[in-house]
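# any chance you can model this:
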Amino acid sequence: MKFLVLYEEMASYFLNCLEYMASQGYEIQVIMKKVNPVAPFDFSKTHKNIVITERESMSQDELIQKIKQFDPDLTYLSGWIYKPYLKAIRSLRLKNVVIGFDNQYNGSLRQKFGALYFKRTLKPFIKAAFVPGQKQVEFAKRLGFGSNQIATNVYCCQTDLYTSYNEQTNTTKRREFPRRFLFVGRYVPEKGIDLLWQSFIELQNEFPNPWELWCIGKGEITPIQHPKIKHLGFIQPSEFLPVIQQTGVFVLPSMFEPWGVVLHEYACAGYPMISTTSVGATEAFLEDTKNGFLIKDLTKDSLKGALKKIVSLTDAQLQEMSDHSVQLSKKITPQIWQKSLLKLAHEHA
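Residues are numbered from 1 along each chain as shown. Predicted coordinates for the structure are as follows:
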């Protein structure tokens, strides 16, 4: 079976799912946007059944010709932003086109007009929608897809990798739980990283404790300097083990995150977590008080309060939360991802 992937910015977690499909004998052609220097994931080593081409290297006609020559049985379209992808799908009338997106429906005029445009111009060429969670299912229905044309689980982390991190560190953490918070993400306002730094520093001043805050990532916000805050820069996921060995609780204080695969990653790795209801993935991977704390209204005080709750827990309580995160992480795997996708194309996993 030939599988065409028309992607925006590829991340290692999506490639991991493609690797799984390739291992099952699928021939996969990926056309994607050039790698983002802010998140320079390494895609140099892939399965022999996967061919990756950066779309910037092709004209519109060359893109169409490449797709025509590949003659896919199934096509996955990442969103509907890149017009050359849309033109190719319409002109070639590709079969079994599945669109993936993480937009949450908010009822804005822009979304309502966008839905009308989509139904008239794109829906006739697209068979089904592949989305991460229930908030996106509502949007898919507004775009004209029936319930039997929608599947969840479009985002799946590198479950084997992060589960292995938990297996390699679990015994040590059970002896002494690491008193370090961990943030992983871009240093941009919407991630709430500056609010996290402020909340953590205030907590240290008002309620002195041994906890530290380690941060992986980079971006437009200048890192704040503090004796108990450590900035590690961008790190490839395959090189996370030393950090995971030394940190214990994951924090993602985003002001808005359509999904947030990183929550799945650190659930697999066995982390108690703090996040916000504005992060879509909390519907699957964060149960308030059971494997962490969920913030409904993000403010400096509410975030500081959640941090303080973690600091006040015993090792045994933290480990119980860790175990619950691992259980929640099993909701989505590459096998479940493939089954969900192929069901939309009326194939059988």
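
# quick one: the longest helix along the chain to chain centroid distance?
Ranked by residue count under DSSP state H, the longest helix found in the chain is helix 159-175. In terms of CA atoms, centre = their mean, to the nearest Å, the centre of helix 159-175 is found 20 Å from the chain centre.

# what do you get for stretch 268-276?
14 Å.

# what does stretch 246-255 give?
Computed by CA atoms, centre = their mean, the chain-centroid distance of stretch 246-255 equals 15 Å.

# ends of that stretch, what's the gap?
27 Å (CA to CA, to the nearest Å).

# before we move on, what about stretch 50-64?
19 Å.

# quick one: contacts of that stretch?
The contact list for stretch 50-64, computed with CB atoms under 8 Å, 6 or more residues apart in numbering, reads 10, 15, 18-19, 22, 28-35, 43, 46, 66, 82, 84-85, 87-88, 91-92. C-beta here means a position set from N, CA and C on the backbone, and glycine is covered the same way.

# in strands only, show me these.
28-32 (DSSP state E).

# and the longest helix of the chain, C-alpha only, in CSV?
The C-alpha trace of helix 159-175 is given here as CSV (Å, rounded to 0.1, in the frame of the first residue of the first chain):
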residue,chain,number,x,y,z
THR,A,159,5.6,5.7,23.2
ASP,A,160,8.4,3.1,23.1
LEU,A,161,11.1,5.8,23.7
TYR,A,162,9.3,7.5,26.6
THR,A,163,8.1,4.2,28.1
SER,A,164,11.7,3.0,28.1
TYR,A,165,12.8,6.2,29.9
ASN,A,166,10.3,5.3,32.6
GLU,A,167,11.6,1.8,32.8
GLN,A,168,15.2,2.9,33.1
THR,A,169,14.5,5.5,35.8
ASN,A,170,11.6,4.1,37.8
THR,A,171,13.6,2.0,40.3
THR,A,172,15.8,4.9,41.2
LYS,A,173,12.9,7.3,41.5
ARG,A,174,11.1,5.0,43.8
ARG,A,175,14.1,5.1,46.2
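
# name the helices or strands packed onto it?
The contact analysis (3 or more CB pairs under 8 Å, 6 or more residues apart in numbering; DSSP states H and E) places helix 159-175 against helix 12-23, helix 241-246, helix 261-268, helix 315-329.
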